[in-house]
Each structure stands twice: as C-alpha cells, then as structure tokens.
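Visitor: Just to be clear, the model below is a prediction. Sequence and coordinates:
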Amino acid sequence: MNTNDFSLRHIGVHSEDLNSIMDSVGVNSLDQLVNEALPENIKLDRELELPKAFTELELSRHIQSLGKLNNVYKSYIGFGYYNTILPPVIQRNILENPGWYTAYTPYQAEIAQGRLQALLNFQTMVSDLTQLPIANASLLDEGTAAAEAMHMFLSNLSKNKKSARKFFVSEEVYPQTLAVLKTKAWGLGVELVIANHEDFDFSDDFFGALLQYPAKHGELFDYSDFIAKAHEKDIQVAMATDILALVKIKAPGELGADVAIGSTQRFGIPMGFGGPHAAYLACTENYKRLIPGRIIGVSEDATGKKALRMALQTREQHIKRQKATSNICTAQVLLAVMAGMYAVYHGPNGLKFIADKIHTKAVYLEKVLTDLGFKVISKNYFDTIRICTKDIDRYQLQSLLEANEININFFDADSVSIALDDLDASTDQGFTDLVDAFAQYKGVTYEVNIPETTESKIPESLKRSSEFLTHENFNSYHTETELMRYIKFLERKDLALNHSMIPLGSCTMKLNAAAEMLPLSMPEFGSIHPFAPQNQTQGYLRMINNLENYLSEITGFADTSLQPNSGAQGEYAGLMVIKSYLKSIGEEHRNVVVIPESAHGTNPASAAMAGMKVVVVKNTEAGEFDMEDLKAKVEKHKDELAALMVTYPSTYGLFDDNIKDVTKLIHENGGQVYMDGANMNAQVGLTNPANIGADVCHLNLHKTFAIPHGGGGPGVGPICVAEHLVPFLPGNPNVKFGLENEGALDAISSAPFGSALVQTISYSYIRLLGSEGLKKSTQGAILNANYLKAKLEKEYSVLYKNKNGRVAHEMIIDFRPFKSLGIEVTDIAKRLMDYGFHAPTVSFPVAGTLMIEPTESESKGELDRFVDALLSIRKEIEEIEKGEYSQDNNVLKNAPHTSELLTADDWDLPYSRQKAAYPLDWVKQNKFWPSVARVNDAYGDRNLMCTCPPLTEYVEG
C-alpha cells in the first residue's frame, strides 16, 4: 500500500474488494461502468488540469505556508465581526469532533436528540436576549437574515398594505447588509429607501423598516418612538442587533420590534475572514408560519416521554416550492451549537462580566482619546468609539496603526471607529498597545490605568433590566469538567459518520478527512477580519484564487464566486446573475424559469426569490425530460423564457441521455441554462456542466468537496459561470475586487468571500486528490451505487435505470408496494435505526421511496452491512405478509426500540427483545441506541414550544 497516496485513504473500496464489487455489478473495469452509465456525447476528452496531488505532510506544510502570509493583527474594525475567544472545551469537543461535525440535518429526530437539544439551547438564548418568543435554529449570516426579514414582512401585508412596496433602511445599517438587501429587493420588486431614521415620514407606501442597534459606528439610539409610530401606520419593524450588546441594553422585543436579526459570531466563533457564523432571526407569534429556516420544538415520543424535533416541518419554506417566501435549506447548525454552548458555559453572569469589561474599557478609551486631543463623536454606546478625522492625517494614522499591528475602521470618510471585543475583556495588552499607538500619533506617551468600573454610556432608557438565560442549562455547566460531560452526553444521542454510513441521496455524506479539517483551528485563518486590508490577507487571497480556478476547471467555466453560503443561496445567486445579464442586453422582460418536476424544492423557491415565474415540465416514466412537454412549454413561453434549472445527473439517479438536446432547445429560444450541482459528485473528472450545455451552475462544497454537513450547516454554494456571465458576479461594498462591473450584483452574502474559513477544507480536498484522485472518487461513487442496486434489486423495485440498466451515484427504491400491508416508508426509516443506520432520503423526489447514495468513501464491509439490513427488513415485511404479525403491531411499526423499552420489566410486544434490538449478529458489536422512541410529529405542531422547557419535564432514558 502506498501510504503517500491520499486517494487510498479517501476511497473506501480497493484491491480484492474492488474486483468483487465489479463482479457483482457485472463489469470488468471502472471505465466499462462509466461507459454504461454516462451518455457518450457528454464525456470529457481530456484529464483535468489540476496540481499534482499532495501527500498529507505536503498539504500540512503548504497550508502553514499560506497561513504565514496572513497577518494576524489585532482587529478593532467591528462592522459585525469581532475578535472572540472560543473556549478550548468547545473547540476540542465540538469543532474538532466528528461526532458533531459529520452529522446530518436532524430530520430523523430519534437519532438526533443531542444536536436538537443544543439547537434548542441556541433558540432559547436568542429568544431570551431579544425578548421575542420565537427564534429559528440559525440563518446564514446577518445580511441574509435582514433580507429574509424583509421578505417575511412582504408576505405578511395587511389588507390596507397590499400595494405597499417600499422598505425603509436606516443609514446606520452595515454597508454589507444594505448590499445584500439591494440584491434581494431587486428580485422582489421592492424599493429600498435609505435615510436617517429620525427624518422618516412613515408614509402609507412603506410596509417595513430595518434599524441597526447599536448603529454601524456604535451609537445607541432609542428606537421605541420610531417603532410605535411605524406600528400606527401598519409598518413592520426589524432590528439588526448585536447579541453581546443585548446583555447590557434593552432588548428589541422590549422596544416593540416585530423581528430581531443578527449574528452570534461574538459568542466564540472565529471571524474566519467572513465565516461561517450562525445568524439568528427572532420574531413575534404573528410570524411563526412565515419564519424562514428551521425551528426546533418540544414534542413527545410514542411512550409519552419528552422529545425534540424540527417543528412545523411541513411549513419549511422550500417545501412550498414556487409559493415559498424563503429558499433557506441549509442553516449554520455547527456554529449555532457552538454559540449556544458559549452561552451555556459562561451563563448569564459570565456574559455580564464580559460585557461589563468591554463597556468599561470603551468608556475609558473615550477618556484617553479625549485626553490625547482627539475629537470623540460618540455619545451613547456599548463598545465602539468614533473619532472625527477632519483634522487628522488619516494616511499617517493608518500607517502608524498598521506598524503596531492594529486595524481600526476607516470606512467612513470623516471619521474612524474603534470596536472593542472579547479579547479586551480578557487581557489589557491589546488595549494598552492601542492607546500607545494613538499616543505615538500625537508624539506623547500615556500611562494606562484602567479602572475597575466607570460611569455607563448607555442611556437609562436603554439599560437592560430584564433577566435572561434563567434556564437550568445556562446555569449548570460552568466548569470545564461539567461542560465536557454535557457535550458528550448530547453527542451520544446522535448518529453521525463516526458510527456508520449515512446513505442520504443527493446529500453526499462522504469522508471529511482530518487533514482537511486542521486549518479550521489555525489562528492564521480563524483570526482574520473579512474587511482587513488586502496586504494582510495574502494567504487567504491566494488560497481563494486557486480554489476558484480549480472549481472553474472542474466545471468547465470561466470564473467562480465563492460568496454564496449554501447550495440554495448558490441557486439564487445563479438566477440573479442570469437576471443581471438579461437586463444588460435589454431582455429584462424574460422572467420564466422552466423546472422539471423531479427538481429539489429549493429550485422553484429560488426562482420565486429572484422574482421569476416557474413553469414545471414533466418527466417521462423512465425519469428523463419529457421532450414533447418541454418543447410545448418552451414554445409557449419563448418570448419570456429566462432559464432552465436542471439537476444533473437528475434526482432520479440518472444521466439523461437527451440532456444536450434539452440545453440546445433552451438556448435556441433565448434562455440560459442553470445546472444545480447537488449531484456533482457523479461528474467530477468524467464530464462537466459546460460540456452538457449549461451557462451557470452552483456547487455544494459541503457535498462534493468534503466540507462536513455539521448537523445542518455550514455549507458553501459557489457559482461557476460562462464567460458572458462573469461581469455580473456579486461584489461587496467594503472590499473591492478590482474588476467591478456596472451590472454586477451588489452582494449575495455579507462577507466578500462568504464562509472563507471552511473553504480551506475543499481546497485541501482537491490538493490531496489531484486530477486522478478526483476522477477515481467519482468512479467509486458510481460503482458503489450500482453495487447496492445489484444487491437489492431482487428484493426491491429500483425505480429508475438507464437503457443499460445502470444508475448514476444514487438510486431510488420503491416501498409503495408494501403500503397494502400497512407499511409506510417512514417505518423502514425508523427500523433502520435499530440496525445502526441513518435512513436514506425519505420520499424525495418520489413519495413512498428511499433515495440511496453510498458515496465513494464507504468500504465493501459497510456497504454489505447496509444491504444486509435492508434484506433483513424485507424478511420482516414478509412476516407481516404471512400473518405472523399484525399490520399495526410489529417490529417495523414500533421502531425504533430504545434501551429503556428493552430493559423494562414488562414486555408485551409480540416479538422478542432480541428481534427488536439485535436483528442481526453484527449489530451487537456496535449497537447504537436511539434515545427516544418514535417522535409524535403532530403533537409537537399542535403544542408548539421552541424554547427549553424545565428539566423536570424530561425523563432521561
């Protein structure tokens, strides 16, 4: 074995096992399988031009060399991003723990109670600090959250506001948030009015408003009168709030706001050159069926025990397709878990201590700067001091500060601002260095003598008096030992990739290699502000430029933007780029998007977000595009046709043979082709989006390119575009790329490069595998899917196969034939838990089916165990067919079985405990116990509770 070849570590099947699997599939080589699975006319005729594969040691040295090109200066820039201290107990036990970062979105609640509890902690934290009753389980970033709030308001217009299309944005809102709002408003047909909130006239054509609290340069305004007047005029109000400041200042709910949004980055999450960070959105009860993203709620299981689940799942906006008010699918779960644990660890008193320290130093800094002769503008504030620079040599000041390895905020033309942070609460050194630098500018010295307390610069009317974080969870785990055990207690409830394969179709739950994850913990990458001067971020910029080039080469396109923070956001970005291009050529009237019925729900939802009209096209019984229906729809809408959205290979697990005919037809009728890259794991090195005729695609770096799912985020959804679309890629108001185009999108995300920190994972993945390893991975994914098909198709119906009897990298098994026996596909999903497996994708894209994707990373042994489990379940179905068990009381209907149930004194089920818990011998060797029985979804929706209930309501099993 060549221990320097990383592909042998990443790909699960080799040598004798590879030959055995190929025999089962009926091929003599991987090339033969590819030839039988892919249409001949889409195959690449060359190898990818990528750097030679690194060994893991070479990658480590390379990453360290890039890190040295980033200057880790002390940042006082603020603008929504701050230095913070990630407690090592959280870093070690969550961020660096595959039990947390390799888990999937908690749709299967019975094997996800740990992260559901951690997310409920997050929601409770947000709800308490904002004093609003409902909070979601995170959003992508603050700018996105603001845009989501605006759209939610637009979807909640009262009768006398139905024609209102103006949205007020305070001039005190962060520039990056405003840029994201501009893009969103254009798609929705909303007019933004940016002005001073004190001059707002509250006219009837406004439906909503956004305020920043504290304001962008730190000033505190009492918005209570503004909000009261807005409500008199039926105008809904959102406040963008600083989560740490809310420890000291009155909550937005107390000021009357309808919605509060913001980022939890200050709660222990590294800046990471822009992300990922967990944003939040909290609201009044009026919005509970409109709120974007996911809500974790309290329900009960089949035994009446308290259990958690994703509440109101049927109202997840993207499920509503073109009727959606949001396309949010992926959230920022891992970061939300960490931020919530930060609050659990510090508790209310710890957060008050940190906030008090910061505020004390800010007040003292005002005195120091005034003593030094600077004109301080700030009057009321929490942590940020603003200085007038009309009589200051700004270049000299900035140069002097940089020489002292300090960055402050120079974005305003007539002032600078200094935002203090968590580091200043923990040490005096950085603060002292800051004072010394300003004293140097004045040519003097200044003796720093920080007082224990100072007078408050928070007005009496804005001082917080309400309690927060009173639940036991925030008042019980303040020692490292206790928090470590609490985190482990929750982790043990969850099934992740560190236990068994997670064969979710269209989710690509592949290996997230440790070597790829290591850069996340390096301060050279974690401690960089997204708006730091570019001469200080050369390591990041070099890595990002290389990654963009690699992804462009892999997709066959001209350029790439890494800004979108999720796949769904990539879809939206791609459509908005198309919209910008059409506007530039005088065809803005084109607004029809053609989407096949097999598409993921985010496709039509994203089209709706872009202000486009969705036309659905049929698929044939064989799974391909229905060309006759497509031709008819295109002909009907040819004058308004903007784009086709197509997933390739399709969610049916097929490479459509007619894909080039489809894309040609769209182009002949004036449309663009958008390819959803959710299934790119079946393309890399074999074909590419450009080759099939696409103009733009998004990629899921958290699928194909090894970023872990994190229990439901982070994700990265870059878009790759053809040459004619390059000028319209998104920008950022605070960082200029040098190639700004008049038609470019203002922004899709708050940070110029989105979630840059986790992009180091995909960069490392590509550098470790190289061209040959990437191609082998794709071949392995297709091989493993066809192996499962060969092993299962005698007992189950595989819905879609091509003319050669092949599938792509995933397949769909039909369980509808068992409905007559009372068996639903959900019963299969729950029974798989007893075998130690997470279910494949349930009832998508076809109701009553499982979509299975094994990925290239699984070994033959693991694939065989999964096959054995499904074949064993088929025998259990046969027992019901034969009448050995009733249709309503059997091992499937009662699944999953908990240890509490199995060890109870009473056992009145018609089958043995052995059959329930250990259906196959190998299950005994590595048994995973679901912590609750089947969760009652309906109960949780009827009795919605999305904050932590008292611990007395739980009975731990």
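Guide: That came through fine.
Visitor: What is the neighbour count of K488?
Guide: K488 is flanked by 13 other residues according to other Cβ atoms under 10 Å. (C-beta placed from N, C-alpha, C; glycine too.)
Visitor: State the phi and psi torsions of it.
Guide: Listed backbone geometry of K488 is phi -70, psi -40, with angles given as degrees, to the nearest 10.
Visitor: wait, isn't it in contact with I94?
Guide: No - taking Cβ atoms under 8 Å as the contact criterion, K488 and I94 are not neighbours in contact, 10.5 Å apart.
Visitor: Once you drop chain neighbours, what's closest to R590?
Guide: Residue nearest to R590 in three dimensions, not counting chain neighbours: A642, with 4.1 Å by Cβ to Cβ, 6 or more residues apart in numbering.
Visitor: wait, what's in contact with the one you found?
Guide: 578-579, 582, 590-593, 612, 671-672 (Cβ atoms under 8 Å, 6 or more residues apart in numbering).
Visitor: Which of the residues you listed sits closest to P919?
Guide: Comparing these against P919 with Cβ to Cβ picks out V593 as the nearest, at 46.5 Å.
Visitor: Sheet partners, orientation included, of the helix or strand that that closest one is a member of?
Guide: V593 is part of strand 592-596, with elements assigned from DSSP states H and E. Partner strands and pairing direction for strand 592-596 (DSSP bridges) are strand 613-617 (parallel), strand 641-647 (parallel).
Visitor: CA atoms only: put the least confident helix or strand in the chain by mean pLDDT into PDB for me.
Guide: For the chain, scoring each helix and strand by mean pLDDT, DSSP states H and E identifies helix 937-942 as the least confident one, at a mean of 74. Presented in PDB, the C-alpha positions along helix 937-942 are these (Å, rounded to 0.1, in the frame of the first residue of the first chain):
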ATOM      1  CA  ASP A 937     -44.800  15.000  15.000                       C
ATOM      2  CA  ALA A 938     -48.400  16.100  15.200                       C
ATOM      3  CA  TYR A 939     -48.300  16.600  19.000                       C
ATOM      4  CA  GLY A 940     -45.300  18.900  18.600                       C
ATOM      5  CA  ASP A 941     -47.000  21.100  16.000                       C
ATOM      6  CA  ARG A 942     -50.200  21.300  17.900                       C
END
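Visitor: What distance do you get for A605 to P87?
Guide: Counting by Cβ to Cβ, to the nearest Å, the gap from A605 to P87 is 37 Å.
Visitor: And for T651?
Guide: Looking at T651 against P87, where the rule is Cβ to Cβ, the gap reads 41 Å.
Visitor: higher neighbour count, the two?
Guide: When T651 is set against P87 and neighbours are counted by other Cβ under 10 Å, the residue ahead is T651, at 27 against 17.
Visitor: Report the contact partners of G208.
Guide: The neighbours of G208, taking Cβ under 8 Å, 6+ apart as the test, are 149-150, 153-154, 167-168, 235-238.
Visitor: tell me which element it falls in.
Guide: Secondary structure (DSSP H and E) places G208 in strand 206-213.
Visitor: For S326, report the pLDDT, please.
Guide: Per-residue confidence (pLDDT) for S326: 69.
Visitor: Then T330?
Guide: For T330, the model assigns a pLDDT of 69.
Visitor: do the same with the one 5 residues further on
Guide: In this model, L335 is scored at 98, pLDDT.
Visitor: Next, find the distance separating it from Q123.
Guide: Between L335 and Q123 the distance, using Cβ to Cβ, works out to 14 Å.
Visitor: between the two, who's got more neighbours?
Guide: Neighbour comparison, L335 and Q123: the larger count goes to L335, with 31 against 25 (by other Cβ under 10 Å).
Visitor: Contacts only, for that one.
Guide: Taking Cβ under 8 Å, 6+ apart as the criterion, L335 is in contact with 138, 264, 269, 276-278, 710, 713-714.
Visitor: rerun that using 7 Å as the cut-off
Guide: 269, 276-278, 714 (Cβ atoms under 7 Å, 6 or more residues apart in numbering).
Visitor: Just the closest of the residues you listed to D391, please.
Guide: The closest of those to D391 turns out to be H277 (Cβ to Cβ; 36.9 Å).
Visitor: got the residue ranges for the strands in the stretch 701-850 of the chain?
Guide: Remark: strands assigned in the stretch 701-850 of the chain by DSSP state E, counting those that start in this stretch are 719-721, 797-798, 811-814, 841-842, 849-852.
Visitor: Parallel or antiparallel, which strands does the fourth one pair with?
Guide: Put plainly, it is strand 841-842. Based on DSSP bridges, the pairing partners of strand 841-842 within the sheet are strand 849-852 (antiparallel).
Visitor: Repeat that for the second one.
Guide: According to DSSP bridges, strand 797-798 forms sheet pairs with strand 811-814 (antiparallel).
Visitor: pLDDT on the strand it pairs with, on average?
Guide: Mean pLDDT, strand 811-814: 98.
Visitor: residues making contact with it?
Guide: 652-653, 785, 788-789, 792, 796-800, 846, 848-852.
Visitor: Right, I'll leave it there.
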